[in-house]
Every structure is written in C-alpha cells, then in structure tokens.
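# Starting from these lines, generate the structure:
(chains A and B)
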Amino acid sequence: SQQGEEDPQALSIQEGENATMNCSYKTSINNLQWYRQNSGRGLVHLILIRSNEREKHSGRLRVTLDTSKKSSSLLITASRAADTASYFCATGYNTDKLIFGTGTRLQVFP
Amino acid sequence: EPEVTQTPSHQVTQMGQEVILRCVPISNHLYFYWYRQILGQKVEFLVSFYNNEISEKSEIFDDQFSVERPDGSNFTLKIRSTKLEDSAMYFCASSGGGANSGNTIYFGEGSWLTVV
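Have a look, this model is predicted:
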C-alpha cells in the first residue's frame, strides 16, 4: 500500500451517527494532518497531530495517532449533513512536503 | 480568519499555451507551496518555496514549471507549455513555519486548469 491510505474509501451514515475514518502510512512521520474537501473545492484543515501525541480533540472531531501501528483515525461525532465531504490524511516527515492519502468520501444523510 | 486566495478559479487553455496561476498566501506566512489534484486522484506535492527560493520539488515539477514571488504578497505558478495531462486542480498553500516542524499548512480554494 502507499503512504497515506484511508479506509473506508466511502462511508454512508445517517445524521446523528458517528463516523470513523482510518489512515495508515508506511514511513516515519513528524506530524499528521487531517483535511476536509467539499466536492470540487479547496482543502480545509481540521486537525494536526504530532508524532509524540496520541489524541487531539477539536469540537466534534477526535483524532488518534498510533505510531507503533502507523495509523491514525478521525472520529466525527453526531454527524450532520454538512459534514458530507472527502476527508484526507496527510503526513509530514523531515521535509516541507505533505504526502496525502487517497481519502474517504463521507455521505451523511439527513 | 486569514485565508489563502487563488486566481483564477477556473481556466481553460489550449495545449502548448503558457499559464500563470496566482496566489496570495496568508500575510505573515513564510513558506509557500503548490500542490495539484488530478480529477479523482490524490493531492500531489509540486514545490515548496522559502526565503525566495525553491526548498523542495517533486519529480512532477519539471522544466515546464516555475514559481515566483514577484512582490511581497503574490506567489505564482507558471506552466510554460501546457499539456493535456496538466489538467488538474492546482492548490496554493502557505504556512508560518516549515511542514516538517509540525506547522499547519493552509490551502486555498484551488484553480481548475483545463487543457484542451
């Protein structure tokens, strides 16, 4: 698999349910960032988690990082129709570039 | 909230033509980037720029591409002779510190480039 792969590729849920997306990566990282992209639009930064952190929260978002398993998860609690978007993880390690994952397309039905 | 702004939002160009995509990064940021996303594919790094020079570039960023910070506010990406495969969404981004130092990278809304 390539650096930065999210699963599932697509996720459909009802409003009010929680959505969990996972990201796996292959190399070491300094940090991992999660982004949201509405269809055809720009990338909106959600959360950055550093390699020495295990969990971060921001509003309804919770991100975990397990460097031993080279994986991260993004949990959106009490989802809303407006959360419908693609979600990407992006890793950084000793360079100025981010390597993006393949993304999870989340559909939240009202 | 400060944001990265990009123009044009959409450009259609003939193959072989030169294209310049413009970006205004967040005002106090020092690191600037271009990424691209071909339809349905991953977001790919093109180039990073710091202290008025390229700090890193990918294999995609060949001699057809160049970047410039012509003044204190703009950051441009030039594609000298466009090819069909250059059709993509191009994202400009900026950050206060380097990505490897754990700084948040802020992206613009993107410029859709269609080469016909």
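
# Spell out which residues of chain B are next to chain A.
B:31, B:33, B:35, B:42-45, B:48, B:50, B:55-56, B:58, B:89, B:91, B:93, B:98-110, B:112 (CB under 8 Å from any CB of the partner chain). Yep, even glycine has a C-beta here, placed from its N, CA and C like the rest.

# contacts for stretch A:40-55?
Stretch A:40-55 is touched from outside by A:28-38, A:56, A:58, A:61-67, A:72, A:74, A:87-88, B:43, B:89, B:91, B:93, B:102-110, B:112, with contacts defined as CB atoms under 8 Å, 6 or more residues apart in numbering or on different chains.

# any weak-confidence spans in chain A?
Scanning chain A for pLDDT under 70 picks out A:1-4.

# That one against chain B: which residues are in contact?
A:4, A:30-31, A:33, A:35, A:40-45, A:48, A:50, A:88, A:90, A:92-103.

# How many residues are close by A:I29?
23 (other CB atoms under 10 Å in any protein chain shown).

# Which element, helix or strand, includes it?
Under the criterion DSSP states H and E, no helix or strand holds A:I29.

# Return the residues in contact with it.
By CB under 8 Å, 6+ apart, the residues touching A:I29 are A:S51, A:T67, A:T91, A:G92, A:Y93.

# where along chain A do the strands fall?
A:5-7, A:10-14, A:19-24, A:31-37, A:43-50, A:55-58, A:61-66, A:71-76, A:85-92, A:99-100, A:104-109 (DSSP state E).

# can I get those strands in CSV with mean neighbour count?
Putting the strands of chain A into CSV (neighbours: other CB atoms under 10 Å in any protein chain shown) gives the following:
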stretch, mean neighbour count
strand A:5-7, 19
strand A:10-14, 14
strand A:19-24, 20
strand A:31-37, 24
strand A:43-50, 19
strand A:55-58, 12
strand A:61-66, 18
strand A:71-76, 21
strand A:85-92, 24
strand A:99-100, 22
strand A:104-109, 18
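
# Include distance to B:S81 when you put those into CSV, please.
CSV is the format used below for the strands of chain A (distance: least, CB to CB, whole Å):
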stretch, distance to B:S81
strand A:5-7, 34
strand A:10-14, 37
strand A:19-24, 37
strand A:31-37, 29
strand A:43-50, 28
strand A:55-58, 44
strand A:61-66, 42
strand A:71-76, 40
strand A:85-92, 30
strand A:99-100, 27
strand A:104-109, 34
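
# Of all those, which one is nearest B:E68?
Closest of the strands of chain A to B:E68 is strand A:43-50, at 22.9 Å (criterion: CB to CB).

# between the closest one and strand A:31-37, how many degrees?
160 degrees (axes from the mean of the first three to the mean of the last three CA atoms, to 10 degrees).

# Paired strands for strand A:43-50, with orientation please.
Paired neighbours of strand A:43-50 in the sheet (DSSP bridges): strand A:31-37 (antiparallel).

# quick check: angle from the partner strand to strand A:19-24?
Using the same axes, to 10 degrees: strand A:31-37 against strand A:19-24 is 130 degrees.

# How many residues are close by B:F45?
Quick note: B:F45 (other CB under 10 Å) scores 24 neighbours.

# Excluding chain neighbours, what is closest to A:L43?
B:F107 (3.9 Å; CB to CB, 6 or more residues apart in numbering or on different chains).

# Who are the contact partners of that neighbour?
So B:F107 contacts A:Y35, A:G42, A:L43, A:V44, A:H45, B:V4, B:Y35, B:F91, B:C92, B:A93 (CB under 8 Å, 6+ apart).

# one step back: with the contacts of A:I29 in mind, which one is nearest to chain B?
A:G92 (4.5 Å; CB to the nearest CB).
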